[in-house]
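> Below: sequence and its predicted model.
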Amino acid sequence: MGFLAPGLLAGLVAIGLPIYLHLLRKQQEQPTPFATLMFLEKSEEQHSRQKNLRYLLLFALRALVVLLLVLAFSQPFWREPAEAIKSDRLTVVALDGSLSMTREGLPEAARTAALQVVDGKGGQAGQVLSFARGATLLTEPTGKAETLREAVQNWKPSASAGSFAELAQAVTSIAANEKKPIDLHVISDFQATAMPATFSESQLPVGTNLVEHVVGNTGDNWAIDSVVAPARVAPNEKMQVVASVASYAGSDMKIPVALYLEDRKVASKEVTVKARERATVEFKDVEPGPQWTRAQVRLELADALSADSDFRFAVEKTDLQTIAFVSATSVNLAARYMETALSAAPNNMFRFQMLAPGQLTEQNLRSFAYIVIDAAPNVVSGVGVDLSRYLRAGGSVFLLLPRSAAAGTNLAFAETTVRAASHGTDRGDLRLDAVDPSHPVLAGLDGLRAVRFLNAWDITGDGLNVLARLGDGTPILAEKRVGDGRVLMMTSTVDSASNDMPFQPVFVPFIERVSRYLSGMSSRELSRRVDEFLEVRPPGVAPTEVAGFEITGPDGNRVVSRAESVQSDGVMLELPGFYKLERAGGRTEWIAANVSPVESDLAVMDDAQKAVWKASGEEVASAAAVGASGAQERQIPFGWYGLLILAGILLAESVVANRYWRRSAEGV
Amino acid sequence: MLAGISTLDLVARTVVDGFVSGLHRSPDFGFSQEFAEYRPYTPGDDPRHVDWNVFARTERTYLKRYQGETNTLLTILLDTSASMRYSTTNLSKLDYSRFLAASLAYLANQQRDAFGLLVFDEGVREYVPASSRYGQLTKLLHVMDAASEGKQTDYEAPLLHFREFSRRRGIVAILSDFYTDPTALVKLVEPLRYRGNDVVLFHILDPKEINPDFQGAQLFVDMETESRMEVSPDYLRGRYKQRMTAHLEQIAAECRRTGLDYMLMPSDKPLDAGLREYLSIRQGRL
């Protein structure tokens, strides 16, 4: 024990005050002569003894108060030897749960190393965690070695990419909660790619002693890091698949690469990949199966990490989808222009069907890719079905406002009202002025600015997202979400009477984009990565039972049920493989998930990098642990404990003093 | 010494003369001045007691007899034990007792009665046999004044001593604080009564002994045994007072039962008032 301010111990002379008040003054009390004590009882004498005891207790309490006050101000501390310090630390066993740790023999080696740490930690409390994309605490801090052993034995690595930043964040959180210095045993292959780009993200908390347990070593590895292929193919269309093969090996290698469709090898090639370079493999004229095809490009060799030798993707073969064009007349110029434009587009997947307003039924609504409504007054009023319900369930509508539209028309299904018309002059001064370049329909379509508009309607409505405006401010293209569905509104139409768009080169790609966007084709990606979130429902859309979905994982387990989908917008892709998404209405999609390419590079951190990381937690820890004498000991201040005890004693003193003086004052 | 005697004498005179003059100025009032009967003169009688008025009217010689002539012999037993030194005023119980004893002696002297004194604590310290001789009062006052404070109280030894040396009946006045068991006390005193004595117990107490009003806890020292005891004020006000009252009542009851006179004389009580009260009671008895 020592004192940081030993000079203040001189205050101990203040103990003389209670000694004087209680003992010396008491002795100076003059006894009172009395004629006889014959009328005083023995019991009263005992009471007096009790009072004397209370008096002495009061003295003891007051002396303690002074003593503790002096001690507290002197800042006492314990000198704790290194052996004792060790028992006051927390051993954290951090198992690297990243994909690279799935290499053959590494999980077993990691468990063995972890068990050795658990067995060798002595009486220290321990905690086991696994880190990869995030950190998972496998146990609470505990002294029970059996619990820690059980957690280690049940641990297994994941398909996620590793990150030491996640580990540092978890350890920082543990240190803050436990308020103990940590012995951090990291059991990992110490991939260099796991270290974040910004070193500060991997900064260890103060007092952390990093102990490395390296398992595995750098091996030659090759991986398919990307595949280019169409996500959709038209009927009778063949596809081209280009795979990029990356080398993480120190030597060139000739690698056989195979293409599998529905687990059936359909093509195979050999590619020579130079050391630390990339090469591409191309498979031509691949004929996908009907509807969905789960495809896989595979490196057919045994390398260090097998999980990245497969690259999965899903291809959808779509039949021609029907676009319903609702018009009051069977001959509609806008419909004709649109049909012509789509037929001119490469890989056209759409066909047109003209419908009178009364021909729309609840049954045939779902069969259309989307519905075009030429919103003449008699059309809007003549639509015999509830378009709102169709929209809320995920349907799409392309709304055109021709010259014949009427101001004040309430488009209830789109929750929009038509206001006044805006007419352009023959000189063509009504052109696009403001465009949302991020929208999938408008991105990159600069040719739209060349279109001259002769007629457009001003519209208004809550939640209306204006994508493009004319020079006079009139919205020309706007979008409105209704439930899970959407309405794309063009406040003009696509005939020659309202604008000259059909005669512009931009018309065909514009109509194709609108069609792909509204039919949901444009958003589909060929494949995704593990650790990505698959967003099924767009953010901000209120979930409904009607629009529920169901997702089944690669292992066949349902990861999101239809009931759960009400609370969830999607799912985190945790496993490589094919996820099955079943939407409302029975539509099924396949989503391919592949491992992160960062795990393919098995190069380990160099020693200098590890030393810097280790030192990030040790610098202050060592300063705090080493005493002035240089011996391995720690100063544990306990002045606060003394103050707490002091508060308790003061309370007791108050009680005892109150009772003592209350009894003495009864005679006054 | 002389100053002390003169004080005693002066107090006694003041007390006795004061209350006698207040009581109808009757020369016949006193221990033995009450007229009892006439008795024919026989040779050898003191001619001073012949009632010459009767002789003048009847030419017969009769002697006038008084009560005092049969039992007027006053013996004062004065307790000088240590507890009598107790005082919370400017007058200790012993001083008060001395004044009272002096007053009684003075009164007896005035009536030509014989009077004596026995000073005691745990034993007999001084004994002056009763006498009506000239100078007896001075002698008594000397002894009283010289009586030093004694030790503990023991009533047995002095009372046995008195019974042994007392040959004549008379009045026995015991002046003490009577810190003893009332039953045992009366058992010791009662035999005096059997021998025809009138016994009166003057119970001398300090007013604080009867009604203590100490502030705070007190460490008391017994003035006789010197043992110590710390006592809380609530006890003094409560239980002590109850026990003291019970003690006083028991002494009074025992005295009534055995025909002893009992007078409680707090030391703050005026002596003349106390004496008047006693003599009034005594007159009533006679």
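Structure's in. What do you need?

> Settle this for me: A:Q153 is touching A:R111, isn't it.
Yes. Counting by Cβ atoms under 8 Å, A:R111 is a contact partner of A:Q153 at 6.4 Å. For the C-beta atoms, the positions are set from N, CA and C on the backbone; glycine is no exception.

> Name the residue in these two with the higher neighbour count.
Shown here are A:Q153 and A:R111; by other Cβ atoms under 10 Å in any protein chain shown, A:R111 has more neighbours (19 against 11).

> and the residue most central in space within chain B, helix, strand or coil?
By Cα atoms, centre = their mean, the mean C-alpha position of chain B lies nearest to B:A173, the distance being 3.4 Å. Assigned by DSSP: H, G, I helix; E, B strand; the rest coil, the conformation of B:A173 is strand.

> what about it, distance to B:S81?
Using Cβ to Cβ, to the nearest Å, B:A173 is found at 17 Å from B:S81.

> neighbouring contacts of stretch A:549-564?
A:534, A:536-537, A:548, A:565, A:568, A:570-571, A:574-584, A:593 (Cβ atoms under 8 Å, 6 or more residues apart in numbering or on different chains).

> Mind listing what's buried along it?
A:549-554, A:559-560 (16 or more other Cβ atoms under 10 Å in any protein chain shown).

> what's the answer for stretch B:152-161, then?
Buried residues in stretch B:152-161 (16+ other Cβ under 10 Å): B:153-155, B:158-159, B:161.

> any chance of those residues in CSV, with pLDDT too?
CSV is the format used below for the buried residues of stretch B:152-161 (pLDDT from 0 to 100):
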residue, pLDDT
B:T153, 82
B:D154, 85
B:Y155, 86
B:P158, 84
B:L159, 85
B:H161, 83
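
> Paired strands for the helix or strand hosting B:V199, with orientation please.
Per DSSP states H and E: B:V199 is located in strand B:198-205. Here strand B:198-205 is paired, per DSSP bridges, with strand B:171-176 (parallel), strand B:261-266 (parallel).

> quick one: that strand to chain centroid distance?
Centre-to-centre, strand B:198-205 and its host chain are 6 Å apart (Cα atoms, centre = their mean, to the nearest Å).

> Please save the CA atoms from it in CSV.
What follows is strand B:198-205, C-alpha atoms only, in CSV (Å, rounded to 0.1, in the frame of the first residue of the first chain):
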residue,chain,number,x,y,z
ASP,B,198,-41.9,9.7,73.7
VAL,B,199,-39.9,9.2,70.6
VAL,B,200,-39.9,11.6,67.8
LEU,B,201,-38.1,11.1,64.5
PHE,B,202,-37.0,14.3,62.7
HIS,B,203,-36.4,13.2,59.2
ILE,B,204,-33.9,15.7,57.8
LEU,B,205,-33.6,15.7,54.0
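
> What ranges does the stretch 51-200 of chain B have for its strands?
B:62-66, B:73-79, B:114-120, B:124-131, B:171-176, B:198-205 (DSSP state E, counting those that start in this stretch).

> hey, least reliable of those by pLDDT?
When the strands of the stretch 51-200 of chain B are compared by mean pLDDT, strand B:62-66 comes last with a mean of 73.

> returning to that earlier point: can you list the residues that contact the strand holding B:V199?
Taking Cβ under 8 Å, 6+ apart as the rule, strand B:198-205 contacts B:71, B:79, B:84, B:93, B:96-97, B:100, B:170-178, B:189, B:192-193, B:248, B:251, B:255, B:260-267, B:278, B:282.

> ok, then the element right after it?
Counting by DSSP H and E, what follows strand B:198-205 is helix B:207-210.

> Quick one: neighbours of A:L56, just the number.
The number of residues near A:L56, taken as other Cβ under 10 Å, comes to 13.

> From chain B, how far off is it?
Separation of A:L56 from chain B (Cβ to the nearest Cβ, to the nearest Å) stands at 14 Å.

> Same question for A:I187.
Taking Cβ to the nearest Cβ, one finds A:I187 at 74 Å from chain B.

> Same check on A:G7?
In terms of Cβ to the nearest Cβ, A:G7 sits 41 Å off from chain B.

> Give me the neighbour count for the residue nearest to A:S327 when sequence neighbours are not counted.
Leaving out its chain neighbours, the residue that sits closest to A:S327 by Cβ to Cβ, 6 or more residues apart in numbering or on different chains is A:D374, at 4.6 Å. Other residues near A:D374 number 26, with proximity taken as other Cβ under 10 Å.

> C-terminal to the helix or strand hosting A:L148, what's the next element?
Assessed by DSSP H and E, A:L148 sits inside helix A:145-154. Moving toward the C-terminus from helix A:145-154, the next helix or strand (DSSP H and E) is helix A:164-178.

> contact partners of that next one?
Against helix A:164-178 from outside (Cβ under 8 Å, 6+ apart): A:90, A:92, A:94, A:127, A:129, A:131-135, A:137, A:141, A:181-182, A:184, A:186, A:194-196, A:201-208, A:613.

> In PyMOL, how would I select just the buried ones from those residues?
Buried members of the contacts of helix A:164-178, defined by 16+ other Cβ under 10 Å, are picked up in PyMOL with:
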select buried, chain A and resi 90+92+94+127+129+131+132+133+135+137+141+181+182+184+186+194+195+202+203+204+205+206+207+208+613
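
> Could you tell me which of the contacts of helix A:164-178 belong to strands?
Mapping these onto strands (DSSP state E) picks out A:90, A:92, A:94, A:127, A:129, A:131, A:135, A:137, A:182, A:184, A:186, A:208.

> how many other residues sit next to A:L305?
24.

> show me the contacts for the closest residue to A:D220 other than its chain neighbours.
In space, and not counting its chain neighbours, A:D220 is closest to A:A249: 3.5 Å by Cβ to Cβ, 6+ apart. By Cβ under 8 Å, 6+ apart, the residues touching A:A249 are A:220-222, A:275-276, A:303.

> Surely A:A369 and A:T318 touch.
No. Shown here, A:A369 and A:T318 do not form a contact pair, counting by Cβ under 8 Å, at 9.2 Å.

> about what we covered before: quick one: the buried residues of stretch A:549-564 as CSV, columns for pLDDT and distance to A:V227 too.
Listed next are the buried residues of stretch A:549-564 as CSV, based on pLDDT from 0 to 100; distance: Cβ to Cβ, whole Å:
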residue, pLDDT, distance to A:V227
A:F549, 85, 26
A:E550, 89, 27
A:I551, 92, 23
A:T552, 93, 23
A:G553, 93, 21
A:P554, 94, 17
A:V559, 90, 24
A:V560, 89, 26
